[in-house]
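Engineer: Return atomic coordinates for the entry below.
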Amino acid sequence: MKIKLSFLVLALTIGLFVSRLVYAQEPEAPELIMSDLGVPYIMECVKVDGRDGGWPPPVDDVTFIGTCNSPDGCNVGICGPICLDAAVNENGGVRCQKYGDKKCTVFDVALDTRYFGESGAGLPGITLEGGNPHMFPPGQFKVKGSITKPGDHVVYDIYAVSEPDLGGSGNEGDDPSQQLGTTKFIFEGAQEICKSIFWDPYGRVFDAVSLEPLGANEARVTLLDSKDQYVDVPSNNSPIDALGKYNIYILEDGMYKLKATNMPRHEFVRVNPDPRYVDLYERIYRLGDPAFEEKQNDPQRYDIPVKPKGAPYKRAIETIFKDQTIVWRDGEEYTKIEFRVSHPLTKIETNLDEGITCNQTGVDHTDKEGFCTLQVKSSEAPQEGIDIKKVKNPDYYLTYEQNLIGGFVARLFSWITPEVYAQQSIRIDVPEVVAPVMAEDDIKFEPILRHVEGYAYDEVGQPIPKAKVQVVLSMNNKVFHTATADDSGFFTIYKNNLPPLEYYLKLTDQTGSKILTQQTSLFIENNQAYIDSEKINLMAATKNDQPIINPATGQLNQIVKTTPVPTQTSAGAGKSTIDLKVVSVFIILFVLVASTVGVIFYIKRNRPQI
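Structural biologist: Got it, this is the predicted structure:
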């Protein structure tokens, strides 16, 4: 018995270390892209009838609430993704299968080109009542209006857009001695944080045992009339999306029922879901429930629990949407990030200081719709970028680590105490997951640097003399600003020539034969030695804890660069190829194994002879 106990301690310890190691090595999610920006202008957040998400509001009767600081009024602006792939289903309905990059419009082609570099055609329309239908009045306003053709569960931001009086050109060009102007700011009120609006479809399909939402195309939802007959509407019997959501637009008010079909791993039977579903979902519809009333102007949401055919359903948390920008609040710049994930109440872990929580919930998890908005002072944001780790909420779902360790422990107990396990004298309330559950990808946000200073390096770590350095917005690869490095490859780009949205750098050598692109995080990695030696904070735009730009005069502070060109090797060169974490784990395991073997030999040697 002592020998089995020793093996139990060893196995549990190994399981803990291995699970932590595997979970810590999650891959990063691919980058998403942002909208374009042209010239100096101001975008002020506008609330829409107090709505910040939830059921679809009547789009023909909404109220826009905000402030326009321009004496001439502000253009109505809306930002959101454009549909790239509108598919026609078998019933003739049109549904967007894939949304693209975020774009903006002020409903004027010339102004769209001026502000955003391109037209925002394809976004929902906005019409205000009385006066100019596309202009907010000066000062504080509360205006009635309508929003037409919003997309299903798509995030939109509404703004009052105007051009500031800069008292100058607002563009320093390549001359660092000019007074610095302003590019674009998004002003957020001191009392309230600007909230996005979105319209959701009519419900979600979820596993009644694991409580996880089904994934894209893993079910179809059919609308039936009160006599269980198929209703002939364009969007009926459409597959669910990555959120497990369905959307059926009705043509006539009436009494309706629902049915879930085309499910390879589930069945639509009358099932009572885990009672904790009430924290994750809305009203549910089960087989045998009475018909419900549905009206065109008052859509009802019903979530559908389905029974798993085998092991409870598990899936990785998917990132549905992410966005990042610089906003101006209470006289300071903030980095605002917003994202949406597939699972309700997803826990988040960040590389930010403690106390940063989702605005929607005030705690460290998303809301029921998977939304989370975080804000951190740009000067305090990490230079390497903001990382968000998505973790299944252990109050409702099994986490990756729990699945790994739980399965390991269950099998371990079956070896140590087979007679107890076979008789099920030990009951584990959490059902065993047979299929492997994938680790969740992190959400990676590239740092929006507020100052760029360092050397242009090629792919092998050599400086590029007189390199052309372009600041390129991520969305459509349009150039925001161009600078030129000196003979040593050194260059500087000041704050007013940097956009408040994600961007990357394009480096071109003198001959134009070599073109490299670098994300801002890679630029920092390549220039870390220089940044550390000069004590530069590229997020705060400071050097030696002093502003690089004098806030009182708008002029450059007199800071002389004395550091020689640091040597820099290609990415990964000079770094140890041995993973110290792995080595540490193997050392610990070796010690544990040796200790266990020693205990076994000690017990055998001291066992009394019979």
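Engineer: any idea how far residue 590 is from residue 324?
Structural biologist: Computed as Cβ to Cβ, to the nearest Å, the residue 590 to residue 324 distance reads 44 Å. All C-beta atoms are positioned from the backbone trio N, CA, C, and that covers glycine.
Engineer: And the nearest residue to residue 75 once chain neighbours are set aside, how far from residue 162?
Structural biologist: The shortest distance from residue 75 to any residue that is not its chain neighbour, by Cβ to Cβ, 6 or more residues apart in numbering, is 4.0 Å, and that residue is residue 106. If you measure residue 106 against residue 162 using Cβ to Cβ, the figure is 10 Å.
Engineer: who touches both of those two?
Structural biologist: Taking Cβ atoms under 8 Å, 6 or more residues apart in numbering as the contact rule, residue 106 and residue 162 both touch residue 75.
Engineer: And stretch 72-91, what's buried?
Structural biologist: The neighbour-count criterion (16 or more other Cβ atoms under 10 Å) identifies 73-83, 89 as the buried residues of stretch 72-91.
Engineer: and what of stretch 495-509?
Structural biologist: By 16+ other Cβ under 10 Å, the buried positions in stretch 495-509 come out as 495-509.
Engineer: sorry, back to before: just the pLDDT for the residue nearest to residue 75.
Structural biologist: Looking at residue 106, its pLDDT reads 92.
Engineer: still on that earlier bit, cross the buried residues of stretch 72-91 against strands and list the overlap.
Structural biologist: Counting by DSSP state E, the buried residues of stretch 72-91 place 74-83 in strands.
Engineer: With pLDDT and distance to residue 276 as new columns, can the residues you listed be given to me in JSON lines?
Structural biologist: Compiled in JSON lines, these are given as follows (pLDDT from 0 to 100; distance: Cβ to Cβ, whole Å):
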{"residue": "74", "pLDDT": "92", "distance to residue 276": "45"}
{"residue": "75", "pLDDT": "92", "distance to residue 276": "46"}
{"residue": "76", "pLDDT": "93", "distance to residue 276": "42"}
{"residue": "77", "pLDDT": "91", "distance to residue 276": "41"}
{"residue": "78", "pLDDT": "89", "distance to residue 276": "37"}
{"residue": "79", "pLDDT": "85", "distance to residue 276": "36"}
{"residue": "80", "pLDDT": "81", "distance to residue 276": "33"}
{"residue": "81", "pLDDT": "79", "distance to residue 276": "32"}
{"residue": "82", "pLDDT": "79", "distance to residue 276": "37"}
{"residue": "83", "pLDDT": "77", "distance to residue 276": "35"}
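Engineer: Out of those residues, flag the one nearest to residue 118.
Structural biologist: Using Cβ to Cβ, residue 82 is the member of those that sits closest to residue 118, with 10.5 Å.
Engineer: The closest one touches residue 118, doesn't it?
Structural biologist: No. Counting by Cβ atoms under 8 Å, no contact exists between residue 82 and residue 118, whose distance comes to 10.5 Å.
Engineer: show me where this structure has helices.
Structural biologist: Counting by DSSP state H, the segments of the chain that form helices are 2-24, 109-116, 400-416, 418-422, 520-526, 528-534, 580-605.
Engineer: Can you tell me which of those helices has the worst average pLDDT?
Structural biologist: In terms of mean pLDDT, the lowest-scoring of those is helix 418-422 (a mean of 31).
Engineer: ok, residue 590 and residue 324, which is more surrounded?
Structural biologist: residue 324 (22 against 10; other Cβ atoms under 10 Å).
Engineer: Just grab the bridge partners of the more buried one for me.
Structural biologist: residue 337 (DSSP bridges).
Engineer: How about the contacts made by it?
Structural biologist: Residue 324 makes contacts with 34, 335-338, 386, 445-446, 448, 501-502, as judged by Cβ under 8 Å, 6+ apart.
Engineer: What separation is there between it and residue 369?
Structural biologist: 19 Å.
Engineer: what does residue 504 give?
Structural biologist: When distance is defined by Cβ to Cβ, residue 504 is 31 Å away from residue 369.
Engineer: What of residue 278?
Structural biologist: 15 Å.
Engineer: Between these two, point out the one with more neighbours.
Structural biologist: The neighbour count for residue 278 versus residue 369, taken as other Cβ under 10 Å, is higher for residue 369 (20 against 11).
Engineer: I figured that one was touching residue 342, is that so?
Structural biologist: No. Between residue 369 and residue 342 no contact is recorded; they are 10.4 Å apart, counting by Cβ under 8 Å.
Engineer: Now for residue 82 and residue 118: what residues contact both?
Structural biologist: In terms of Cβ under 8 Å, 6+ apart, residue 82 and residue 118 are both contacted by the residues residue 103.
Engineer: sorry, back to before: compare residue 106 and residue 162 and say which is more crowded by neighbours.
Structural biologist: Neighbour count, other Cβ under 10 Å: between residue 106 and residue 162, residue 106 has more, with 26 against 23.
Engineer: Now the phi/psi pair for the more buried one, please.
Structural biologist: phi -120, psi 20 (degrees, to the nearest 10).
Engineer: Dump the ones in strands among the buried residues of stretch 72-91 to a markdown table, plus distance to residue 305.
Structural biologist: Formatted as a markdown table, those follow (distance: Cβ to Cβ, whole Å):
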| residue | distance to residue 305 |
| --- | --- |
| 74 | 46 |
| 75 | 46 |
| 76 | 41 |
| 77 | 41 |
| 78 | 36 |
| 79 | 36 |
| 80 | 31 |
| 81 | 30 |
| 82 | 34 |
| 83 | 30 |
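Engineer: Which one of the residues you listed is nearest to residue 64?
Structural biologist: residue 76 (7.9 Å).
Engineer: so of the buried residues of stretch 495-509, which ones are in strands?
Structural biologist: In strands, defined here by DSSP E, the members of these are 503-508.
Engineer: Let me see the contact set for residue 107.
Structural biologist: Applying Cβ under 8 Å, 6+ apart to residue 107 gives the contacts 75-76, 125-126, 134.
Engineer: wait, I meant residue 214
Structural biologist: The neighbours of residue 214, taking Cβ under 8 Å, 6+ apart as the test, are 205-207, 240, 244, 263, 266, 306, 313, 315.
Engineer: go with 6 Å
Structural biologist: For residue 214, the set of contacting residues under the criterion of Cβ atoms under 6 Å, 6 or more residues apart in numbering consists of 205, 244.
Engineer: Quick check: residue 307 touching residue 268?
Structural biologist: No. Judged on Cβ atoms under 6 Å, residue 307 makes no contact with residue 268 at a distance of 7.9 Å.
Engineer: Give the residue spans of the stretch 51-200 of the chain that score low on pLDDT.
Structural biologist: Counting by pLDDT under 70, the stretch 51-200 of the chain contains low-confidence residues at 51-60, 86-98, 151-155, 164-200.
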